[in-house]
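> the following block contains a protein sequence and its predicted model.
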Amino acid sequence: MSKQSRKLTPKISVGMPVYNGARYVASAIESILAQTDPDFELIIADNASTDDTVEICQQFADQDPRIRLHINKENIGAAGNYNLLVELASAPYFRWSNADDLIAADSHERCLAALEARPDAVLSYGQTMFIDEHGEETGLVEDTLHIMNARPSDRFRAFWERYRLTNAIYGLMRTEAVRDTNIFGDGTLPAADISFMAELILHGGFTELPETLFYRRMHPDASSHDRADDERQQQFWRASKSPFRLPVLRQTGRYLRHTWRTAAPLADKFSTSVYLMRQLVWQRRAVAQEVADLFKSGTSEQ
């Protein structure tokens, strides 16, 4: 590929966040470079790795002008790194690709065709196959997030009723729609990936393809290995051990604010807001516990 062709705006920007990913990052990059549709850029954002990650990525970048390597001087947390990749993207379509996962060779081709055929969709994704640390297939996953309802409030409800894992987040998205959300926020709330998807679906539908296009590696070092470990999640999202403060209340507030920022009809915004307030009532015990925990932590700090 010539240097002149690099100057053209690609159709797809692939953002690869990585921290100490030397074990798998070469395989992840190779699965991107093997795409049947070569019109993409690969932006790698290294989050101050202390292993050989940078050296491995630099070798690929030296060989292929479609690859850009950005190195953070310090660890800005996963939320900050994911957000940065969206900021650096130049293409009208965007996807994240983790440094330990793989994608099928026709993933870009299939997902792009699906989005071009459905202007009302903001995300297209294929079936997910779990693989282990050795790359062995361990099971096909039912993501059940084909949600193409016309009304944003209906899509929002359907998302919360159906989501199990966030595999679909590694599909192909419209960059403009991604940037219209809070993306992964500031890292002070848990499950930022789920929050992002809940906001994204207010902007358009999710369309599911029947082919297996995503191979998600599940291993002990993966960030999703133990969602119940708050300290590990805090360190992952924010690069800090600071506790998540009032997560249910603050997350509900985030959804409400975003709902009223969208271009949805007024009646539909009210419908989504009513749904959120009902959810808050159902979670009143969790909210009460959050307030109690905050009071206890404030008292102990005095």
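All right, it came through fine.
> now the closest residue to residue 25 other than its chain neighbours: which helix or strand?
Of all residues not flanking residue 25 in the chain, residue 99 sits nearest, at 4.4 Å (Cβ to Cβ, 6 or more residues apart in numbering). Backbone N, C-alpha and C define where each C-beta goes, glycine included. According to DSSP states H and E, residue 99 maps onto no helix or strand at all.
> go on, residue 56?
Judged by DSSP H and E, residue 56 forms part of helix 53-63.
> average pLDDT for the helix or strand following that helix?
Toward the C-terminus, helix 53-63 is succeeded by strand 67-71 as the next helix or strand (DSSP H and E). Mean pLDDT, computed over strand 67-71, is 98.
> quick one: buried residues of the helix or strand that comes right after strand 67-71?
Sequence-wise, the next helix or strand downstream of strand 67-71 (DSSP H and E) is helix 77-88. The neighbour-count criterion (16 or more other Cβ atoms under 10 Å) identifies 77-86 as the buried residues of helix 77-88.
> for the next helix or strand after helix 77-88, the distance to its chain's centre please.
Later in the chain than helix 77-88, the nearest helix or strand by DSSP H and E is strand 93-96. Relative to its chain's centre, strand 93-96 lies at 9 Å (Cα atoms, centre = their mean, to the nearest Å).
> on that earlier part again, test my guess that the residue nearest to residue 25 contacts residue 16.
Yes: in this structure, residue 99 is within contact of residue 16 by Cβ atoms under 8 Å, at 5.7 Å.
> where do the strands sit along the stretch 201-302 of the chain?
205-217 (DSSP state E, counting those that start in this stretch).
> quick one: low-confidence ranges for it?
221-242, 297-302 (pLDDT under 70).
> one more time with 90
218-248, 284, 286-302 (pLDDT under 90).
> nearest spatial neighbour of residue 40, chain-adjacent residues omitted?
Distance criterion Cβ to Cβ, 6+ apart; nearest residue to residue 40, sequence neighbours excluded, is residue 12 at 4.1 Å.
> which residues does the one you found contact?
37, 39-41, 91, 93-95, 108, 112, 172 (Cβ atoms under 8 Å, 6 or more residues apart in numbering).
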